[in-house]
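Asker: Build me a model:
(one chain, ligands or ions: 1)
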Amino acid sequence: MNRPDTGELLRRLPQIDRLLQREDVCTLCARHSRALVLSECRSLFDSLRARALNGEVDAAELEEDRIVLALDARLEHRIQPYYRRVVNATGVVLHTGLGRAPLPPAVADVLVETLRHPVRVEVDLESGERGGRDEGAAKLLKELTGAEDATVVNNNAGATLLLISALAEGKEVLVSHGELVEIGGSFRVPDIMEQGGAQLCAVGTTNRTRAADYDEACHAKSAMILKVHTSNYRVVGFTEETTIEELCEIGRKHGVPVVHDMGSGCMVDLAARGMTGESYVRESISQGCGLVCFSGDKLLGGPQAGIIVGSTELVERCRKHPLYRALRPGRMTYIALEETLRIYLRGEEEAIARIPALQRVLATTEQLETRLARLVESISAIPGASATALSHDGYAGSGSLPARPIESRATQVTLSGWTAEDLARRLRTGDPAVLPTIHADSVIIDVRTISDDEVELIAARIAEIASGA
Ligand SMILES: *Cc1c(COP(=O)(O)O)cnc(C)c1O
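Answerer: Next up, the predicted model:
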């Protein structure tokens, strides 16, 4: 570009006052407030001036109509919520970066409707007196898991910290060497133990821990045998793990409760549906665990929550601990959790049909192929776009069904004139955002983690990008 006279260019910038009198800018002011339009206008002018000094601006960009368009785009961008809808095209069902389990539509409806009003959280409506905060959730959890009592905190990391603090402060917790895991972020079993004021007693070895190892390690200072689901890795080869039943037997012998941190609170029998690697909450309770804890937003498919179920005495100790108050959830969690649990009361088939997380994990190849065919057809009809079908590894995610890919279906998308990086970026930053993966310089859209309704949405986004809009 021929370096223009910068001073001459900058003189073409319209007066802000005059700009604000334009009818289309008045419309923007009505939509966004005059103060916001003014502040965005100033920062637009600042950036134009800075770019003009570098010789990066041409005269056309300084025309009023172009400036109003740029202003409009900036304002739209500014009001976009940070927490917003994303079409999950990654194939990872419980994607922590995407808030894990999407809520069942019926649960979201109840949540929206209820939240407009004051909500009974801890008032006994019979007597008008103060009632138990977690009673509503506890009632359903007891019914569904067979446990004597239950309580809820903000997440499962909180649940683990709470139960260690309540049961083992100043004492020892027995954990297998193979279960001293880090579960993403900074949640490490040994650290939680330290935070809870308990001493860790590592039992056995990384690959083999036998019942006898626990039996020998139990002594007067032992407060708990903790079994941790090794969510995000698997030890293969020469391995031996003590079963919950064996642990409970040893626990009974020494008068020490067994606590199972299940990670994903699976309430349907996935093993019967060909997915192994997750145990069943009800089973751990019936085998004699004193407490079981799990997340609300993993395979349960509900809101973020840490659920603790178990014996009356141990749950009550958790509830009475000062940390319980610090970790207690808000009304949104209780409402969404209660509604999610109600779906389970209707039976496993209903749960699978109505809970998106389960639907997605259990989607059949036939369902995936039908969805994929529609997506490939829609994308192929867009000028300049091509879509090829392929097999792809999906995952349950968030440490559920650990380290086992779930065979999925995907399409590899190309758009002429676009690199994979640029196309993926445009998909991520538009509305709704679409999050694909990139593999070998291509954009990959996995159909396991999208809904049937999202097929056309994705195609529409690609069409919009192809049209240069
Ligand atoms: C995921 C997980 C946690 C942490 O649960 P959050 O709900 O994310 O706090 C704890 N323990 C295990 C075994 C897990 O898989």
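Asker: The chain against the ligand: which residues are in contact?
Answerer: Contact residues (Cβ under 6 Å from any ligand atom) of the chain with the ligand: 155-157, 160, 183, 187, 228-229, 231, 261, 263, 295, 306, 398-399. C-beta: built from backbone N, CA, C; applies to glycine.
Asker: Between those residues, identify the one with the most neighbours.
Answerer: Most neighbours among the residues of the chain next to the ligand, by other Cβ atoms under 10 Å: residue 295, with 29 neighbours.
Asker: In the stretch 1-150 of the chain, what residue lies closest to the ligand?
Answerer: Ranked by Cβ to the nearest ligand atom, the top residue of the stretch 1-150 of the chain for proximity to the ligand is residue 96, at 7.6 Å.
Asker: Quick check: the closest residue to that residue other than its chain neighbours vs residue 162, distance?
Answerer: The shortest distance from residue 96 to any non-neighbouring residue, by Cβ to Cβ, 6 or more residues apart in numbering, is to residue 398 (5.6 Å). According to Cβ to Cβ, to the nearest Å, residue 398 stands 20 Å off from residue 162.
Asker: go on, residue 294?
Answerer: 13 Å.
Asker: residues shared between the contacts of those two?
Answerer: residue 306 (Cβ atoms under 8 Å, 6 or more residues apart in numbering).
Asker: Just after the worst-scoring helix or strand of the chain on mean pLDDT, pick out the following helix or strand.
Answerer: Ranking every helix and strand in the chain by mean pLDDT, DSSP states H and E puts helix 6-11 at the bottom, with a mean of 81. Toward the C-terminus, helix 6-11 is succeeded by helix 16-21 as the next helix or strand (DSSP states H and E).
Asker: Quick one: distance of that following helix to the chain centre.
Answerer: 45 Å (Cα atoms, centre = their mean, to the nearest Å).
Asker: Which positions within stretch 104-123 qualify as buried?
Answerer: Residues of stretch 104-123 classed as buried by neighbour count (16 or more other Cβ atoms under 10 Å): 104, 107, 110-111, 114, 121.
Asker: tell me which of these is nearest to residue 416?
Answerer: Of all those, residue 104 has the smallest distance to residue 416: 39.8 Å, by Cβ to Cβ.
Asker: who touches the closest one in this structure?
Answerer: 301-302, 339-340, 343, 354-356.
Asker: Return the subset of those residues lying in strands.
Answerer: When those are checked against strands (DSSP state E), there are no matches.
Asker: quick one: which of those residues has the most company?
Answerer: residue 301 (32 neighbours).
Asker: how close does the residue positioned nearest the centre of the chain sit to residue 267?
Answerer: The residue lying closest to the centre of the chain (Cα atoms, centre = their mean) is residue 100, at 1.9 Å. Distance of residue 100 to residue 267, computed by Cβ to Cβ: 16 Å.
Asker: nearest to the ligand, of the contacts of residue 104?
Answerer: Looking across those and measuring by Cβ to the nearest ligand atom, the closest to the ligand is residue 302, at 11.2 Å.
Asker: right, and the closest one touches residue 107 too?
Answerer: Yes - using Cβ atoms under 8 Å, residue 302 is in contact with residue 107, at 7.0 Å.
Asker: Could you check which residue of the stretch 351-469 of the chain lies nearest the ligand?
Answerer: residue 399 (4.0 Å).
Asker: Which stretches in the protein count as strands?
Answerer: Using DSSP E, strands in the chain cover 86-88, 149-153, 172-176, 199-203, 222-228, 258-264, 291-295, 306-310, 385-394, 406-415, 433-435, 437-439, 442-446.
Asker: of the ones you listed, which approaches residue 328 most closely?
Answerer: That would be, of these and by Cβ to Cβ, strand 149-153, which comes in at 6.3 Å.
Asker: Show me the chain divided up by domain.
Answerer: Using automatic domain parsing, the domain parsing of the chain gives 14-79, 86-96+361-466, 103-354.
Asker: mind listing what residue 385 touches?
Answerer: Applying Cβ under 8 Å, 6+ apart, the residues near residue 385 are 379, 413-416, 462-463, 466.
Asker: what bits of the protein have low per-residue confidence?
Answerer: 1-4, 184-186, 231-238, 402-403, 469 (pLDDT under 70).
Asker: How about the residue of it found nearest the ligand: which residues does it bridge to?
Answerer: When scored by Cβ to the nearest ligand atom, the chain has residue 263 as its residue closest to the ligand, at 2.4 Å. Under the criterion DSSP bridges, residue 263 forms beta bridges with residue 294.
Asker: hang on, it packs against residue 296?
Answerer: No - between residue 263 and residue 296 there is no contact under Cβ under 8 Å: 11.9 Å.
Asker: picking up where we left off before, ignoring the adjacent residues along the chain, who's closest to the residue nearest to the centre of the chain?
Answerer: Closest to residue 100 by Cβ to Cβ, 6+ apart is residue 297, at 4.1 Å.
Asker: ok, residue 438 to residue 424 distance?
Answerer: Taking Cβ to Cβ, one finds residue 438 at 5 Å from residue 424.
Asker: Show me which of the two is the more surrounded one.
Answerer: Neighbours per residue, other Cβ under 10 Å: of residue 438 and residue 424, the larger number sits with residue 424, 22 against 14.
Asker: The more buried one is in contact with residue 433, isn't it?
Answerer: No - taking contacts as Cβ under 8 Å, residue 424 lies outside contact range of residue 433: 10.9 Å.
Asker: Report the distance from the longest helix seen in the chain to the chain centre.
Answerer: Assignment by DSSP state H gives helix 34-53 as the longest helix of the chain. When distances are taken as Cα atoms, centre = their mean, helix 34-53 is centred 37 Å away from the chain's centroid.
Asker: Point out the other helices and strands that that helix packs with.
Answerer: helix 6-11, helix 16-21, helix 23-32, helix 64-79 (3 or more Cβ pairs under 8 Å, 6 or more residues apart in numbering; DSSP states H and E).
Asker: Mind listing what's buried along the last one?
Answerer: When burial is assessed from 16+ other Cβ under 10 Å, helix 64-79 yields the following buried residues: 67-68, 70-72, 74-75.
Asker: separation between the spatially closest residue to residue 78 that is not a sequence neighbour and residue 64?
Answerer: Nearest non-adjacent residue to residue 78, counting by Cβ to Cβ, 6+ apart: residue 40, 6.4 Å away. Plainly put, residue 40 is 16 Å away from residue 64 if you go by Cβ to Cβ.
Asker: Next: residue 156.
Answerer: 56 Å.
Asker: Surely the residue nearest to residue 100 and residue 96 touch.
Answerer: No - Residue 297 is beyond contact range of residue 96, at 9.1 Å (criterion: Cβ under 8 Å).
Asker: okay, and the common contacts of these two?
Answerer: residue 398.
Asker: Of these two, which one has the most company?
Answerer: The neighbour comparison of residue 297 against residue 96 (other Cβ under 10 Å) goes to residue 297, with 28 against 14.
Asker: The closest residue to residue 352 other than its chain neighbours: what's it in contact with?
Answerer: Nearest non-adjacent residue to residue 352, counting by Cβ to Cβ, 6+ apart: residue 358, 4.9 Å away. Residue 358 makes contacts with 268, 299, 301, 351-352, as judged by Cβ under 8 Å, 6+ apart.
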